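Asker: fold the following for me, if possible:
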Amino acid sequence: MTEIKTGTCHCGAVEFKVTLENGLQNLMRCNCSLCRRKGAIMAGVPLASLQVTRGADNLALYQWNTKVAKHYFCKTCGIYTHHARRSNPNEYGFNVACLDGVDPYALGEIAVGDGAAMSVVADNNTA
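Answerer: Coordinates of the predicted model:
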């Protein structure tokens, strides 16, 4: 069952919508050096299923290491909204806590992806 959800950063300057084919799936946290610090619960969708509907000019981009992943956050309030994944370039990961009507604390146990191991491999491949 397809569902469209909207999300915003904290200040509301950035708004996006995601088309979820089967609701929120594959929820995860990541233990890479960036995700470990931001602590977000993420889900993924195909690139065509996430659109920034307001405030694209207010998004800042952060990249490091291989510079393949693209992490976007609001320039005003600093909230991470979404990212283009290094692990799957055909998907965006997005911050589930930004979605209207979703309580991230009610989602139960969330799996942790081993982005730290992937970063070590990437570091070794770029040396």
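Asker: got the contact list for Cys98?
Answerer: Counting by CB atoms under 8 Å, 6 or more residues apart in numbering, Cys98 touches 7-9, 16, 79, 81. All C-beta atoms are positioned from the backbone trio N, CA, C, and that covers glycine.
Asker: pLDDT weak spots in this structure?
Answerer: 115-127 (pLDDT under 70).
Asker: ok, for the residue nearest the centre of it, nearest residue in space, not its chain neighbours?
Answerer: Per CA atoms, centre = their mean, the C-alpha nearest to the average position across the chain is that of Phe94, at 2.8 Å. In this structure, Phe94 finds its nearest non-sequential neighbour in His82, 4.2 Å apart by CB to CB, 6 or more residues apart in numbering.
Asker: same check on Ala69?
Answerer: Leaving aside its chain neighbours, Ala69 sits nearest to Arg86 (3.9 Å; criterion: CB to CB, 6+ apart).
Asker: picking that back up, return the member of the contacts of Cys98 nearest to Ile110.
Answerer: For the contacts of Cys98, the residue nearest Ile110 by CB to CB is Gly7; the value is 17.5 Å.
Asker: next one: the nearest residue to the closest one once chain neighbours are set aside from Lys67, what distance?
Answerer: Sequence neighbours aside, Cys98 is the residue nearest to Gly7 in space, at 3.8 Å (criterion: CB to CB, 6+ apart). As judged by CB to CB, to the nearest Å, Cys98 and Lys67 stand 24 Å apart.
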